[in-house]
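Peer 1: The sequence and its predicted three-dimensional model are supplied below.
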Amino acid sequence: PAEGGNLFSSKINRPILGDIGADENRTINVSYANIIFRVFIWRDALNELMRKNPVFGFDLGYPFRSHSLEVLGWATTEWMADGWICLHNSYLDFVYRAGVVGMLMIAAIIEVLIWLTIASLRKRSLTGILLTGILINWFIAANFLEILEMPYSAIPLWSLLGLNFAYLFKKTTT
């Protein structure tokens, strides 16, 4: 067994090799905690939405607090002081902040992605399919990150959407 513990403990608490940004302090426990952290935030946000049932969501001044994280003593730095925890899910954030309007925005995003995929396939455009695939990848990643709102990720995403439209629906003059 490993020093100071059993074999299982030594495997769990070792650094994750090959992980982007892995250093000696990042263990598999940190990765699991990161996943569980998100699940607790999502559960608390959904519970609050169901309990208070705001048709148009909570306004931007309303602080979201994850009671599960507070009970566990996680996120005790600026999040505990400010009473604001990023939901780590752009779609849930839309629904939490905009209610029914947020759901309509999500439906519109899905409809546009389906529309772009069909247009790319009809034109048999490999470039269009690849551009649309990149967009779909970004919108899937929005399930786990705040991609659609943050400037460092939202600007390239929405720009890519514009480029995809420009490429697929450009007017050709003869």
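Peer 2: Everything's here; your move.
Peer 1: contacts and neighbour counts: CA atoms only from here.
Peer 2: Noted.
Peer 1: hey, where'd the helices end up in this protein?
Peer 2: 7-12, 28-52, 67-72, 78-82, 90-98, 100-122, 126-141, 151-168 (DSSP state H).
Peer 1: Who are the packing partners of the fifth one?
Peer 2: Counting by 3 or more Cα pairs under 8 Å, 6 or more residues apart in numbering; DSSP states H and E, the packing neighbours recorded for helix 90-98 are helix 28-52, helix 100-122.
Peer 1: how does it look with 10 Å?
Peer 2: The contact analysis (3 or more Cα pairs under 10 Å, 6 or more residues apart in numbering; DSSP states H and E) places helix 90-98 against helix 28-52, helix 100-122, helix 126-141.
Peer 1: quick one: the last one to helix 90-98, angle?
Peer 2: With axes from the mean of the first three to the mean of the last three Cα atoms, to 10 degrees defining the directions, helix 126-141 sits at 60 degrees from helix 90-98.
Peer 1: circling back to that earlier point, the helices of the chain into TSV, with extra columns for mean pLDDT, distance to L60 and mean neighbour count?
Peer 2: TSV is the format used below for the helices of the chain (pLDDT from 0 to 100; distance: least, Cα to Cα, whole Å; neighbours: other Cα atoms under 10 Å):
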stretch	mean pLDDT	distance to L60	mean neighbour count
helix 7-12	46	39	12
helix 28-52	82	14	15
helix 67-72	79	19	13
helix 78-82	64	13	12
helix 90-98	90	7	22
helix 100-122	94	13	15
helix 126-141	93	23	17
helix 151-168	89	17	14
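Peer 1: Rebuild those as TSV, extending it with distance to G61.
Peer 2: TSV is the format used below for these (distance: least, Cα to Cα, whole Å):
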stretch	distance to G61
helix 7-12	40
helix 28-52	15
helix 67-72	18
helix 78-82	11
helix 90-98	10
helix 100-122	17
helix 126-141	26
helix 151-168	20
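Peer 1: out of those helices, nearest to F58?
Peer 2: helix 90-98 (4.8 Å; Cα to Cα).
Peer 1: And the contacts of that closest one?
Peer 2: With contact meaning Cα atoms under 10 Å, 6 or more residues apart in numbering, helix 90-98 is reached by 42, 45-46, 48-49, 53-62, 64, 86-87, 99-106, 139-150.
Peer 1: Can I get it in CSV, CA atoms only?
Peer 2: As requested, the backbone C-alpha atoms of helix 90-98 are provided in CSV (Å, rounded to 0.1, in the frame of the first residue of the first chain):
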residue,chain,number,x,y,z
SER,A,90,-26.1,28.8,-19.6
TYR,A,91,-29.5,27.3,-20.3
LEU,A,92,-30.5,26.9,-16.7
ASP,A,93,-29.3,30.5,-16.2
PHE,A,94,-31.6,31.6,-19.0
VAL,A,95,-34.6,29.9,-17.4
TYR,A,96,-33.6,31.1,-13.9
ARG,A,97,-33.2,34.8,-15.0
ALA,A,98,-35.8,35.0,-17.7
